[in-house]
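> Give me a model of this one.
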Amino acid sequence: MSKLDEARKQINEIDQKMADLFALRMKAVEQVAAYKKELGLPVLDTAREEEVIRKNARFMQEEALKSYYVNFLKYNMALSRSYQHRLLEGMRVAYSGVPGAFADIAAQKIFPDGTAVAYKDFKAAYEGVVNGECDCAVLPIENSYAGDVSQVMDLAFFGSLSINGIYDMEIVQNLIGLPDASLKDIKEVISHPQGLGQCAGYIRDHGFLAHEATNTAVAAQQVAKEGRPEFAAIASSETAALYGLKVLDKNINASNINTTRFAVFSRFSSRNAKRDNYFVMNFTVRNEAGSLGKVISIIGDAGFNLRALKSRPTKELIWEYFFFAEGEGNINSERGAQMLERLKENCSNLKVVGSFEKEQMLER
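Next up is the predicted model:
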C-alpha cells in the first residue's frame with residue numbers, strides 16, 4: 001500500500017469515527033432545541049456561541065491548525081442552528097392582536113421558525129400559554145413614549161408564567177391609506193390609543209379626526225375594509241404591505257426614540273447560575289413606615305442595581321399595591337440567594353418572575 005493510500009485509509013477511518021460523534025452531537029442538539037422550545041428561547045445565542053468557540057479553540061494545540069479548527073467549530077454551530085430551526089418549526093407563539101400588529105412582528109423576529117398565534121387581548125394570549133395551546137407568549141411591557149403596559153404587569157404578578165427574555169423593538173409609526181389615496185385626501189385617522197398618543201402632534205397639525213382601535217393592525221384592517229380615500233391608519237410599513245395599503249407619510253412619531261419592550265412568557269423558568277445578568281421580580285410589603293425603603297436597601301446592599309421599580313394596585317385590598325422590579329445582577333448566584341432570603345423576611349409576597357442573560361434589540 002502506498003503512502004497516499006495509507007493516508008486516505010486513515011482519513012476514512014477518522015471520518016467514520018466523526019460520523020458517529022456527529023450523530024451523538026446532533027442528538028444533544030435535539031435536547032437543546034427541546035429546552036429552548038419549553039422555555040420560549042430563540043435559537044441564536046450569539047454570546048453563547050462566541051464563548052463556546054473561544055473556549056473550545058484552546059483544545060487545538062497545533063497553532064498552524066487553530067484558525068481552521070475555529071472555522072470548523074463555526075460551521076458546526078451553523079449546522080446545529082439549522083437543525084434546531086427545523087425542529088422548532090412547530091413552535092406556537094401567542095401574541096395579542098391580529099396579523100401585522102407590532103407584537104406579531106416582534107414574535108416573528110424572535111422566533112422566525114415558530115407559528116405566531118393571534119389572541120384577542122393580552123390575557124387571552126397569556127392564558128393560551130398557561131393552558132398549553134402555545135409554547136410561549138410575546139407581550140409588550142413598556143413603551144419608551146407611552147409608558148408601562150399595566151395589563152401585562154398585572155398578568156406577571158397574578159399569573160404563573162415566567163419571563164425568560166426581554167427584547168426591545170423600535171416602533172416606527174406611519175400614515176397608511178388606500179393605494180390610490182394621497183396625504184391631502186386624509187381627513188380621519190384610526191389607530192391604537194398609544195399610536196394616536198405617539199403621533200398626537202402630527203394629528204393636531206393636520207387637523208385629522210382621530211378614532212381608536214384595539215391595535216394598529218386592526219386599524220389598518222378597517223381602512224382596507226371601508227375603502228374610503230379620506231380614511232387612514234397609523235401603523236407600521238409591514239402592516240401596510242400585509243393589508244394592501246400604501247405608506248402616505250413615514251415616521252410620524254412625536255419622538256424619534258420610540259421603542260417597545262416585549263417580554264417572552266413561558267410555563268418554565270430559565271435559570272442560569274453563570275450567565276444570567278438581569279432579573280424581574282414582584283413583591284408586596286407590609287403597610288409600615290420604611291418597609292419599602294428597607295427592601296430597596298437590601299437589594300442595594302447585596303450589590304444589585306435596581307433598574308426600575310413600579311407600583312400597581314393589588315385589586316384584592318383597597319389602596320394595597322404590589323411592586324414590579326427589574327434589576328441587574330445574577331439573582332441565581334449565592335449572593336442572589338442570600339438577598340432573596342432577606343427579602344422574604346421583609347416582604348409579604350415575593351416572586352422571581354424570571355432571569356435572563358441580557359436585554360436584546362430586535363432589528364427592523
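> Show me the chain divided up by domain.
The chain breaks down into these domains under automatic domain parsing: 3-89, 91-170+260-362, 174-257.
> Buried residues, the longest helix anywhere in the chain. List them.
Determined from DSSP state H, the single longest helix within the chain is helix 3-39. By neighbour count on 16 or more other C-beta atoms under 10 Å, the buried set for helix 3-39 is 29, 32, 33, 36, 37, 39. Using the backbone N, CA and C atoms, a C-beta is placed for each residue, glycine as well.
> quick revisit: any chance of the domains of the chain in TSV, with mean pLDDT too?
Output for the domains of the chain, formatted as TSV (pLDDT from 0 to 100):
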stretch	mean pLDDT
domain 3-89	85
domain 91-170+260-362	91
domain 174-257	94
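> helix or strand for residue 49, which one?
Assigned by DSSP states H and E, residue 49 belongs to helix 46-56.
> Going along the chain from the strand or helix carrying residue 341, find the next helix or strand for me.
Secondary structure from DSSP H and E places residue 341 in helix 334-346. On the C-terminal side of helix 334-346, the closest following helix or strand by DSSP H and E is strand 347-356.
> and the helix or strand just after that following strand, what does it pack onto?
Next helix or strand after strand 347-356 toward the C-terminus (DSSP H and E): strand 360-362. Contact analysis of strand 360-362 by 3 or more C-beta pairs under 8 Å, 6 or more residues apart in numbering; DSSP states H and E lists helix 102-110, strand 162-170 as its packing neighbours.
> Report the contact partners of the residue nearest to residue 53 when sequence neighbours are not counted.
Once flanking residues are discounted, residue 53 sits nearest to residue 73: 5.0 Å by C-beta to C-beta, 6 or more residues apart in numbering. Applying C-beta atoms under 8 Å, 6 or more residues apart in numbering to residue 73 gives the contacts 52, 53, 56, 57.
> Any chance of TSV for these, columns distance to residue 44 and neighbour count?
Shown next, in TSV, are those (distance: C-beta to C-beta, whole Å; neighbours: other C-beta atoms under 10 Å):
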residue	distance to residue 44	neighbour count
52	13	14
53	14	16
56	18	14
57	20	14
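> Let me know the closest of those residues to residue 348.
Distances from residue 348 to the contacts of residue 73, taken as C-beta to C-beta, are shortest for residue 52 (42.6 Å).
> contacting residues for that closest one?
Residue 52 sits in contact with 73, 77, where contact means C-beta under 8 Å, 6+ apart.
> where does residue 281 land in three-state SS?
strand (DSSP: H, G, I helix; E, B strand; the rest coil).
> Any figure for the gap between it and residue 39?
When C-beta to C-beta, to the nearest Å is applied, the distance between residue 281 and residue 39 equals 18 Å.
> how deep is residue 287 tucked in, by neighbour count?
11 (other C-beta atoms under 10 Å).
> again, but for the one 5 residues further on
One way to gauge burial is a neighbour count; for residue 292, by other C-beta under 10 Å, it gives 18.
> you'd agree it is up against residue 323?
Yes: using C-beta atoms under 8 Å, residue 292 is in contact with residue 323, at 7.5 Å.
> residues shared between the contacts of those two?
Here residue 292 and residue 323 have residue 285 as joint contacts, going by C-beta under 8 Å, 6+ apart.
> sorry, back to before: could you give me the buried positions within the helix holding residue 341?
Neighbour-count burial for helix 334-346 [16+ other C-beta under 10 Å]: 336, 339, 340, 342, 343, 346.
> Turn those residues into TSV, columns for distance to residue 213.
Converted to TSV, those look like this (distance: C-beta to C-beta, whole Å):
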residue	distance to residue 213
336	43
339	44
340	42
342	47
343	41
346	44
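> now the helix holding residue 341 against strand 347-356, angle please.
Counting by axes from the mean of the first three to the mean of the last three C-alpha atoms, to 10 degrees, helix 334-346 lies at 150 degrees to strand 347-356.
> Name the residues that touch helix 334-346?
Applying C-beta under 8 Å, 6+ apart, the contact partners of helix 334-346 are 279, 283, 285, 291, 294-295, 298-299, 302-304, 329-331, 350, 352.
> now those residues: which count as buried?
Among those, the ones that count as buried by 16+ other C-beta under 10 Å are 279, 283, 285, 294-295, 298-299, 302, 304, 329-331, 350, 352.
> any idea how far the residue nearest to residue 354 when sequence neighbours are not counted is from residue 281?
Spatial nearest neighbour of residue 354, chain neighbours left out: residue 163 (3.3 Å); criterion: C-beta to C-beta, 6+ apart. Separation of residue 163 from residue 281 (C-beta to C-beta) stands at 10 Å.
> which of these two has more neighbours?
Ranked by neighbour count (other C-beta under 10 Å), residue 163 and residue 281 place residue 163 first, with 25 against 22.
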